[in-house]
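K.L.:
here is a sequence together with a model predicted from it:
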Amino acid sequence: MNVLVINAGSSSLKYQLLDVDTKEVYAKGNCERIGIEGSFIGHEELGGEKQKLEVALPDHKTAITYVFDILKDINKPIGGIGHRVVQGGWYFPESAVVTDETLAWVREVAPLAPLHNYAEADVIEICREMFPEIGNVIVPDTAFHYNMPERAWRYALPRDVVDTYHIRKYGAHGTSHRFIWRTVHELMGDKTHKLVSCHLGSGASLCAIEDGKCMDTTMGLTPLDGLIMGTRCGTLDPATVFYLNRVGGYSIDDIDTMMNKQSGLLAVSAVSSDSRDIEEGAHNGDANCQMALDMFYYRTAQLFAEMASSMEGVDTMAFTAGIGENSPEMRAGVADRLAWMGVKIDPAKNEIRSDEPRVISTPDSSITVMVVPTNEEYMIALDVVDLLG
Ligand code: AMP
């Protein structure tokens, strides 16, 4: 079955058309700067070159119309559409077929992720209107975390506040963490029961997974919590917000922008949010870049131990996403801070570059350490087949 996977943001729309049976990706691309001057589509087909199509994309409807026009030439009938939804809120313990009701839920929970959910809901609606014969599936990034134990998701705030505003740990990257569990389990079989999945990209989160069930994760009500990220600060004392507001005179919107867009590795390094630039800066003796790396290793190792504690043990650790898949230096930095737990990686295996999942720990390491390239689109497509196939 061919599935079209759509990942809509407020001003972008990523797409991928793939065959779930062969895993072949027929086409993929990104509509960028939707509603902004200078919009274009970056498009790539199986065996072809990347193309840049400079087209006016005043809104998401125009973008989808272009995408379907481009895909028509490929001549691979679409059996279903999977939509990544950032926030499933209190409605989605798993992926769901789009109906009037499930679509309304995506909008109802949108205040928790306003930049994403409204655009995603609009795109789902457009797809339904334009192609009523094709089924649509909602794949929320939070669904995998929905059934974590209450002691993990509940915040120690007044119960009426928690209930009225649906405040809890929702987590994120759930589709990636679910894919990592699936892949690790396929490879390791019974050797893996307690996995910490380390999704380290420009957004980053860890997830404690015991026999396929999420036990805890480092992102919280929103994806701002947890690890230090490219431009996000991660966990800090919540009173920092009141202090900046009352004493610093920053508005709530200023603080939101500061903590989401101007913090993290970017702020500490004062160079870049991109780990490659920071590694290069540190190699050239830049002390701020070195501190950004040290803090990243420190926090990741610290929260790794927190995830292990939530499962009362850990047997496998899997690195994934941009940094986790591509940076031997960042992997070694985190693993070295876990040497006290008996974690040992093989430096030669750590240096190998490959698109295949692989073990990089030594045989005597207390924990099996792996690198597992993530594939959220494939996971979404599998859900589409499960629900529509
Ligand atoms: P993601 O959000 O998963 O796309 O990851 C983006 C992050 O991964 C950025 O901080 C990049 O610096 C990092 N990254 C991507 N590709 C590489 C690479 N080839 N080597 C090192 N880091 C990379």
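P.N.:
Thanks, I have it.

K.L.:
how many neighbours does the closest residue to the ligand within the stretch 1-150 of the chain have?
P.N.:
Nearest residue of the stretch 1-150 of the chain to the ligand, counting by CB to the nearest ligand atom: Lys14, 11.5 Å away. All C-beta atoms are positioned from the backbone trio N, CA, C, and that covers glycine. Counted by other CB atoms under 10 Å, the residues lying close to Lys14 total 18.

K.L.:
just use 51 as the starting number from now, easier for me
P.N.:
Renumbered: residue one is now 51, and that last one reads Lys64.

K.L.:
where does the stretch 301-439 of the chain get nearest to the ligand, residue-wise?
P.N.:
Relative to the ligand, the nearest point of the stretch 301-439 of the chain is Gly372 (2.0 Å; CB to the nearest ligand atom).

K.L.:
now that residue. Nearest residue, chain neighbours left out?
P.N.:
Gly251 (4.1 Å; CB to CB, 6 or more residues apart in numbering).

K.L.:
check contacts around the one you found.
P.N.:
Gly280, Ala371, Gly372, Ile373, Gly374 (CB atoms under 8 Å, 6 or more residues apart in numbering).

K.L.:
tally of neighbours for the closest residue to the last one other than its chain neighbours?
P.N.:
The one in question is Gly374. Distances taken as CB to CB, 6+ apart put Leu250 closest to Gly374, at 4.0 Å, once the chain neighbours are dropped. Burial of Leu250 is recorded as 25 neighbouring residues (other CB under 10 Å).

K.L.:
returning to that earlier point: quick check, the residue of the stretch 301-439 of the chain closest to the ligand in contact with Gly253.
P.N.:
No - the pair Gly372 / Gly253 is not scored as a contact, 9.5 Å apart, by CB atoms under 8 Å.

K.L.:
hmm, back to that, of the contacts of Gly251, which is the most crowded?
P.N.:
Ile373 (27 neighbours).

K.L.:
could you list the buried residues of stretch 332-340?
P.N.:
Within stretch 332-340, the residues that count as buried by 16 or more other CB atoms under 10 Å are Ala332, Asp336, Cys339, Gln340.

K.L.:
could you redo those residues as CSV and give each row secondary structure and pLDDT?
P.N.:
CSV is the format used below for those (DSSP: H, G, I helix; E, B strand; the rest coil; pLDDT from 0 to 100):
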residue, secondary structure, pLDDT
Ala332, helix, 98
Asp336, coil, 98
Cys339, helix, 98
Gln340, helix, 98
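
K.L.:
same list, those residues, but as CSV with distance to Asn167 please.
P.N.:
Putting the buried residues of stretch 332-340 into CSV (distance: CB to CB, whole Å) gives the following:
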residue, distance to Asn167
Ala332, 37
Asp336, 39
Cys339, 35
Gln340, 38
